[in-house]
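**Q** just coords:
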């Protein structure tokens, strides 16, 4: 599925696929969507969580089907088989069973707000943003957390962490700035980087908060004495990672700060977009060890 917005750089915009689960309105970044299909019969998996309907195999690829109705506590209307939204997260092919799809909405990340804490708790912390479009409230789901709750191996891949064991007794004083909107992944990333020996970390839940912090050092001569490196997700409320990177790299003093993008959205198209805004390197979730090794090389 191709959209023009993927060719643009640093606009702080996204295209949101709006869909319904029962009568509730939800959204997903179109960059995460490979295809939309009519529902088809699946093969159940023995002993799988009830949210996992089973498997099906379009075009010789095995795909796991997750029923968002059961994840969100909603009901598929009688007589409606629904649709499948096919995505790939961290190397896993997933289809999300939804009721219907409304269409694609182009909006700015600045128009997406963090969900209220109470509301987020009621949905098990799986909402990352709230978009308001034409009087409608669209809940943007944390699909990575949904998948990791059902399959723990889908969160962060810690393979390779043993190879940086020797750094864990070393105290790195370099300030690392983290921008990651998912509270679940934010904590995992911060914990992994801390475990690698970095103890001077400033963590933010969106690009705008990170930018407000980073830009406060723009009048310093040796800015890397204050911020050694930035690690940013791509899709975040208020300001996305591409816009954050572009702002940093457009500033005469801040541009010396290395920026690493760490996201499940990294593919060839998104890599080109990251390069165009000046990212120093890009890493696909969930391979945290590759990211940490690159951080160590950059700041040592």
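**A** Here it is on my side, so go on. Only a predicted model underlies this, so the values are computations on that prediction, with no experimental measurement involved.

**Q** if I look at the nearest residue to residue 77 once chain neighbours are set aside, how far off is residue 24?
**A** Excluding its sequence neighbours, the residue lying closest to residue 77 (C-beta to C-beta, 6 or more residues apart in numbering) is residue 99, at 6.6 Å. Glycine gets a C-beta too; all of them are placed from N, C-alpha and C. As judged by C-beta to C-beta, to the nearest Å, residue 99 and residue 24 stand 9 Å apart.

**Q** Common neighbours of these two, please.
**A** Common neighbours of residue 99 and residue 24, counting by C-beta atoms under 8 Å, 6 or more residues apart in numbering, are residue 74.

**Q** that older thread, give me the number of residues near the residue nearest to residue 77?
**A** Residue 99 has 21 neighbours, counted by other C-beta atoms under 10 Å.

**Q** what's the answer for residue 48, then?
**A** Residues near residue 48, counting by other C-beta under 10 Å, number 14.

**Q** so who does residue 181 touch?
**A** When contacts are counted by C-beta under 8 Å, 6+ apart, residue 181 touches 114, 128-129, 205-206, 233, 235-237.

**Q** Confirm that it sits in a strand.
**A** No - the assignment for residue 181, made by DSSP: H, G, I helix; E, B strand; the rest coil, is coil rather than a strand.

**Q** And the pLDDT at residue 85?
**A** We have a pLDDT of 97 for residue 85.

**Q** doesn't residue 17 make contact with it?
**A** Yes - assessed by C-beta atoms under 8 Å, residue 85 is found in contact with residue 17 at 7.2 Å.

**Q** what's the domain layout of the protein?
**A** 4-153, 156-299 (automatic domain parsing).

**Q** Return the most buried member of those domains.
**A** domain 156-299 (a mean of 19; mean count of other C-beta atoms under 10 Å).

**Q** The stretch 51-200 of the chain: strands as residue ranges?
**A** For the stretch 51-200 of the chain, applying DSSP state E, counting those that start in this stretch gives strands covering 52-56, 63-67, 83-89, 92-98, 100-108, 112-113, 127-133, 136-141, 176-179.

**Q** Figure out the length between the terminal residues of stretch 77-91.
**A** With C-alpha to C-alpha, to the nearest Å applied, stretch 77-91 spans 32 Å between its terminal residues.

**Q** what's it in contact with?
**A** Defining contact as C-beta under 8 Å, 6+ apart, one finds that stretch 77-91 is touched by 17, 19, 22, 28, 32-40, 63, 65, 76, 93-101, 143-144, 147, 154, 157, 264, 284-286.

**Q** and residue 181, what pLDDT?
**A** On the pLDDT scale, residue 181 is placed at 87.

**Q** who's in contact with the nearest residue to it once chain neighbours are set aside?
**A** With C-beta to C-beta, 6+ apart as the criterion, residue 181 has its nearest non-adjacent residue at 4.1 Å, and that residue is residue 236. Residues near residue 236 by C-beta under 8 Å, 6+ apart: 109, 128, 179-181, 205-207.
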